[in-house]
Every structure is written in structure tokens, then in C-alpha cells.
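Visitor: This is a predicted model, with the sequence first.
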Amino acid sequence: MLALTGAYAQTAIPGDPYASDPVGIVAEPCVSHPAPDGATGAQMANLHRLARDFAQYCRYAVQNRSLAGQKVRVVFMGDSITDNWIRADPDLFTKGLVDRGISGQTTPQMLVRFRSDVIALKPQAVHIMAGTNDIAGNTGAATIETVEGNIQSMAELARAHGIKVILASVPPAAAFPWRPDKQPVPQIAALNRWLQGYAKANGFTYVDYHAALATPDGAMKPGYASDGVHPTPQGYAAMRPLTLAAVAKALGT
């Protein structure tokens with residue numbers, strides 16, 4: 001058996017400007033960094049996150065601590081579509097609705113941070129919207145069964161902790177600007193069919209944003225997205241009544 005040497009085990013990246021950050025099991029792993037400078041700086045910051053904070057635990061660490069003892073009704077777990085939501089519709093995220101989206105994330109990253117960003121907040125329900133970046137391949141290749149399994153694991157963890165589950169469809173997209181080689185329409189449709197069936201089989205609430213936002217060919221309706229993927233304020237406005245109805249259904253209110 002090949003033994004891993006120290007060189008193989010290191011998480012340092014050549015040229016990493018944050019190489020002095022704490023590693024291992026420490027009391028406070030999250031260090032504040034200045035905004036990266038230019039494209040090279042942004043690339044190094046991204047490599048640093050993938051090597052040192054794959055799930056981006058640190059993104060919401062301070063905000064999570066500030067919620068201690070407060071009543072949380074619904075945590076919104078997701079990627080950039082959830083991350084951007086609070087800026088487009090801040091009034092939605094009041095009265096115990098909490099945004100925990102992180103731009104670019106895939107389902108394995110969400111699953112890793114699910115305990116700290118959802119379970120630890122003790123919400124009544126969790127709204128899970130995921131899959132866009134898995135289809136784009138942001139953290140590498142995966143089978144659709146693996147992506148489905150990550151979503152199942154999040155839902156099962158929520159149910160085990162008495163948290164109601166709201167599963168959201170993957171929103172429409174005819175193409176990804178950052179991965180123009182991908183053909184997402186059929187994969188989005190397949191994942192949405194599975195999400196709807198899985199929600200029904202397990203008594204979860206399913207919210208179908210795709211039907212409200214999509215053209216017949218599976219693209220975003222005109223005016224509903226800034227780049228064909230990320231909703232505009234108009235797109236989020238179309239989602240809002242579906243969201244509120246799903247929350248009311250899940251919470252029985």
C-alpha cells in the first residue's frame with residue numbers, strides 16, 4: 001500500500017497568499033481576508049476556499065452565532081440563486097426566514113455545511129434549492145444518482161431533527177454562461193421529475209419554480225433572468241407567491 005507523505009497531505013497551494021491561516025482542529029478557523037485584487041487574486045481566493053474551506057463554513061459563521069436563541073422559521077439552503085435572493089427581495093427574509101445561499105455551490109458542499117447552516121439554527125423548516133451547479137459541473141463530474149443522494153441526505157437530516165422539508169425545483173436555464181459547453185435543459189427536467197416524485201413519496205412540500213419561470217423550450221422567460229440563469233427582481237417577484245405558499249403549507253399556517 002502506498003503511504004501518503006507530508007507533501008501529498010498538505011492543503012497549501014503554491015502562491016497561496018493565505019498560507020498562514022490556521023489549519024487542523026482549532027478554536028477559531030475563520031480568518032477575515034481583504035477582498036481579492038484582480039482576476040489572479042480572485043482565482044487564488046477561490047483555490048484557497050476549495051482547499052481550506054470546501055463547504056465555506058466561514059461564510060455564515062458570525063451570522064449563525066448572532067441567531068442564537070432567536071426563533072428561525074425557515075432556512076433557505078442553496079446556491080447563487082438563493083444567495084442573490086435576499087438582495088433582490090430583502091423583505092422576504094424577515095420574520096424568521098433566513099437566507100443561507102452561497103454562490104457557486106454544489107450539493108456536496110451544501111451537504112457538508114448543512115449541520116452548521118441549517119440544523120444548528122433549529123428552524124421549523126428548510127427550503128432546499130440545489131442542482132444548477134452540479135449540472136454545470138462546478139466541483140467536478142458526478143452521476144445524477146449522486147446529486148439526488150446528496151439532496152436525500154439533506155432531507156433525511158432535516159427530518160431526523162424535526163425540521164419540515166421544502167424541496168424546490170431547479171430553475172430553468174437553456175445554457176450556463178460560465179459553462180457554455182453544457183446542455184442543461186434535459187438534465188434539469190430529469191432532476192425536477194425526481195425531486196417532485198421524491199417529495200411526494202416522503203410527504204415533503206414541493207415548490208415548482210421551473211413551471212413559473214420557464215419558456216416552453218426550458219429557458220428562462222424574457223426579463224426573468226439577468227444571464228439566462230440568475231433571476232432578476234422580476235423573476236424573484238414571480239417566485240415570491242410560490243415561496244410563501246410553500247412555507248405556509250410546510251408549517252401548516
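Guide: Structure received.
Visitor: Just the helices from the stretch 151-253 of the chain, written as ranges.
Guide: Taking DSSP state H, counting those that start in this stretch, the helices of the stretch 151-253 of the chain run over residues 184-202, 209-213, 233-251.
Visitor: Tell me how many other residues surround residue 116.
Guide: 16 (other C-beta atoms under 10 Å). From N, CA and C alone the C-beta is placed, and that goes for glycine too.
Visitor: ok, it touching residue 64?
Guide: Yes: assessed by C-beta atoms under 8 Å, residue 116 is found in contact with residue 64 at 6.4 Å.
Visitor: do you know how far the spatially closest residue to residue 174 that is not a sequence neighbour is from residue 209?
Guide: Closest residue in space to residue 174, ignoring its immediate chain neighbours: residue 219 at 3.6 Å, by C-beta to C-beta, 6 or more residues apart in numbering. Taking C-beta to C-beta, to the nearest Å as the measure, residue 219 falls 14 Å from residue 209.
Visitor: between the two, which one's more packed in?
Guide: When neighbours are counted by other C-beta under 10 Å, residue 219 and residue 209 differ, and residue 209 comes out ahead with 23 against 19.
Visitor: and the gap between that one and residue 142?
Guide: Distance from residue 209 to residue 142, by C-beta to C-beta: 22 Å.
Visitor: And for residue 165?
Guide: Distance from residue 165 to residue 142, by C-beta to C-beta: 22 Å.
Visitor: of the two, who's got more company?
Guide: Neighbours were counted for residue 165 and for residue 142 using other C-beta under 10 Å; residue 165 has more, 23 against 17.
Visitor: got a list of what that one touches?
Guide: Neighbour list for residue 165: 125, 126, 128, 155, 158, 159, 199, 202, 204, 205, 250 [criterion: C-beta atoms under 8 Å, 6 or more residues apart in numbering].
Visitor: what pairs with it across the strands?
Guide: Counting by DSSP bridges, residue 165 is bridged to residue 126.
Visitor: Pull up the per-residue confidence for it.
Guide: As predicted, residue 165 sits at a pLDDT of 98.
Visitor: again with residue 134
Guide: 97.
Visitor: cool, residue 38 as well?
Guide: For residue 38, the predicted pLDDT is 78.
Visitor: any idea how far it lies from residue 203?
Guide: 50 Å.
Visitor: Repeat that for residue 195.
Guide: On the measure of C-beta to C-beta, residue 195 and residue 203 end up 14 Å apart.
Visitor: Looking at those two, which is more packed in?
Guide: A direct count of neighbours by other C-beta under 10 Å for residue 195 and residue 203 places residue 195 higher, at 25 against 9.
Visitor: The more buried one touches residue 206, doesn't it?
Guide: Yes: Residue 195 lies in contact with residue 206 (C-beta under 8 Å); the separation is 6.6 Å.
Visitor: what sits in contact with each of those two?
Guide: Common neighbours of residue 195 and residue 206 (criterion: C-beta under 8 Å, 6+ apart): 167, 168, 169.
Visitor: Just the ones in strands from these, please.
Guide: Among the shared contacts of residue 195 and residue 206, DSSP state E puts 167, 168 in strands.
Visitor: By neighbours, which of the shared contacts of residue 195 and residue 206 wins?
Guide: residue 168 (28 neighbours).
Visitor: residues touching it, list them.
Guide: With C-beta under 8 Å, 6+ apart, residue 168 has these contacts: 78, 127, 128, 129, 195, 206, 207, 209, 246.
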